[in-house]
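J.: Based on what follows, work out the 3D shape:
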Amino acid sequence: MFLIMTNPAGPEPIGDILTRLFTSRGWTRRLERQRLESLWTDICPESYRSDSRVLSLKRGILEIEVRSTVLMQELAQFHERSLLAKLQTKLANPKLKKIKFRLGIW
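T.: Okay, the predicted model is just below:
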């Protein structure tokens, strides 16, 4: 037996229902991460793509994991500003304010 609940104000917009569903299932975070990974692949110089990957975006700081300290220093010193500018225009996210590079092993 199913209980059908009715809304006295009328039907609920499908957009509201889908927003709650995406949020409750965590799909929004996954989609955002996939979008960031795709954008990083698009803007990152080709020679660095296989040695870097997106970790997270928190409080306006995009964390990128890299395989070597040399690459980490090169990206931070010589490419951060241009990569950040490209990301900001593609993301249309004024909250993105910095790229932080971290050493990682994968």
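J.: Trp40 - nearest residue in space that isn't next to it in sequence?
T.: Distances taken as C-beta to C-beta, 6 or more residues apart in numbering place Val54 nearest to Trp40, at 5.1 Å, with adjacent residues excluded. C-betas here are computed from N, CA, C, even on glycine.
J.: Figure out the helix or strand that the one you found lives in.
T.: strand 52-58 (DSSP states H and E).
J.: That strand pairs with which strands?
T.: strand 61-66 (antiparallel) (DSSP bridges).
J.: What's the mean pLDDT across the strand it pairs with?
T.: The average of the pLDDT scores along strand 61-66 is 96.
J.: ok, and for the very next helix or strand once past it, which residues are buried?
T.: Downstream of strand 61-66, the first helix or strand assigned by DSSP H and E is helix 69-74. Applying a neighbour-count criterion of 16 or more other C-beta atoms under 10 Å, one finds Leu71, Met72, Glu74 buried in helix 69-74.
J.: For Glu65, give its distance to Ser24.
T.: Distance, Glu65 to Ser24, by C-beta to C-beta, to the nearest Å: 29 Å.
J.: Compare neighbour counts for those two and give me the winner.
T.: The neighbour comparison of Glu65 against Ser24 (other C-beta atoms under 10 Å) goes to Glu65, with 18 against 9.
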